[in-house]
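*Asks:* Show me how the following folds:
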Amino acid sequence: MNIVEIRNLTKNYPLGNTTVHALRGIDMDIPQGSLMSVVGPSGSGKTTLLNIVGCVDTATTGSVKVGDREVTTLSDRELTRLRLRKIGFIFQTFNLVPVLSALENVEFPLLLQGELSAAKVREKSRQLLLAVGLLDHERHKPAELSGGQRQRVAIARALVTDPDLVLADEPTANLDSETGESILRLMQTMNAERGTTFIFSTHDPQVLRYAKSVVHIHDGRLEGA
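*Replies:* Next up, the predicted model:
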């Protein structure tokens, strides 16, 4: 069963008097339980592809199905609900809420879901902070954390809802090699034990060693496609 199905996906951006063709007719199927790396040089379309699959950007043309939902036809409210229930996203820029502590940032998506008691939300969030090695920083706000620590909070936040699909844009970019390795092992364990699908965009050879499959993209096209 495929968790993501993409057909003839294009994405164009206006830039002054010209048009940037970020994605040019992408076709791909991603089976549930994949641990996939999308590899390509800067500007190749990696991040754009992840943003569209993650419902934080929209396609110009084509079809994108996540689970059993055709996302190109969903309303903003439906897209928000799909992201909250099914998708975890790890951004290069962290996207943490600056006025919240590390623990509160991890708790935030669970509180939005509104399905667990406050005690369960706190317990689960602290378990994830422990898993990424930051439980002793749970009260620190993002400005009080290093780049690597903020990345680990962002990873814990992405995993805390047990999403079916996690999209990670350069997940080890701000981590030292030892921390990066521990994060990748955590994701590998979730993939093996829970069947969580992970899709990474990366330049990091360390990430590629953990991937079950690798897709190469160049100038908005899949190489070999």
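*Asks:* so where is the chain shaky, pLDDT-wise?
*Replies:* Low-confidence segments of the chain (pLDDT under 70): 224-225.
*Asks:* got the contact list for the lengthiest helix in it?
*Replies:* When the chain is parsed with DSSP state H, its longest helix is helix 177-194. The set of residues external to helix 177-194 that reach it, using Cβ atoms under 8 Å, 6 or more residues apart in numbering, is 33, 35, 131-133, 148, 152, 155, 159, 162, 166, 168, 171-172, 175, 196-198, 204, 206-207, 210. For glycine as for every other residue, the C-beta is placed from the backbone atoms N, C-alpha and C.
*Asks:* Might you specify the subset of those residues located within strands?
*Replies:* Residues of these located in strands (DSSP state E): 35, 166, 168, 197-198.
*Asks:* Show me which parts of stretch 34-53 are buried, residue by residue.
*Replies:* By neighbour count on 16 or more other Cβ atoms under 10 Å, the buried set for stretch 34-53 is 34-40, 44-53.
*Asks:* Same question for stretch 174-188.
*Replies:* In stretch 174-188, counting by 16+ other Cβ under 10 Å, buried: 174-175, 179-180, 183-184, 186-187.
*Asks:* What about the buried residues of stretch 34-53, which are in strands?
*Replies:* Members of the buried residues of stretch 34-53 lying in strands (criterion: DSSP E): 35-39.
*Asks:* how close does residue 113 sit to residue 187?
*Replies:* 21 Å (Cβ to Cβ, to the nearest Å).
*Asks:* now residue 136
*Replies:* Taken as Cβ to Cβ, the span from residue 136 to residue 187 is 22 Å.
*Asks:* for residue 203, same thing?
*Replies:* 17 Å.
*Asks:* Residue 86 now?
*Replies:* Counting by Cβ to Cβ - residue 86 and residue 187 are separated by 17 Å.
*Asks:* Residue 6 too?
*Replies:* Per Cβ to Cβ, residue 6 is found 22 Å from residue 187.
*Asks:* And the contacts of stretch 25-36?
*Replies:* By Cβ under 8 Å, 6+ apart, stretch 25-36 touches 1-10, 45, 49, 62, 164, 187-188, 191, 195-200, 210-215, 220-222, 225.
*Asks:* In PyMOL, how would I select just the buried ones from those?
*Replies:* The following PyMOL command selects only the buried members of the contacts of stretch 25-36, with burial defined by 16+ other Cβ under 10 Å:
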select buried, resi 3+4+5+6+9+45+49+62+164+187+191+196+197+198+199+200+210+211+215+220+221+222
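*Asks:* all helices for this protein, in order.
*Replies:* 46-53, 76-86, 102-113, 118-131, 147-159, 177-194, 205-210.
*Asks:* what would the ones you listed look like in CSV with distance to residue 68?
*Replies:* Shown next, in CSV, are those (distance: least, Cβ to Cβ, whole Å):
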stretch, distance to residue 68
helix 46-53, 15
helix 76-86, 10
helix 102-113, 20
helix 118-131, 27
helix 147-159, 22
helix 177-194, 19
helix 205-210, 28
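*Asks:* so which of the ones you listed comes closest to residue 94?
*Replies:* Proximity to residue 94 (Cβ to Cβ) singles out helix 147-159 among the helices of the chain, at 4.7 Å.
*Asks:* That closest one - contacts with which helices or strands?
*Replies:* With contacts defined as 3 or more Cβ pairs under 8 Å, 6 or more residues apart in numbering; DSSP states H and E, helix 147-159 has these neighbours: strand 87-90, helix 102-113, helix 118-131, strand 165-169, helix 177-194.
*Asks:* All set, thanks.
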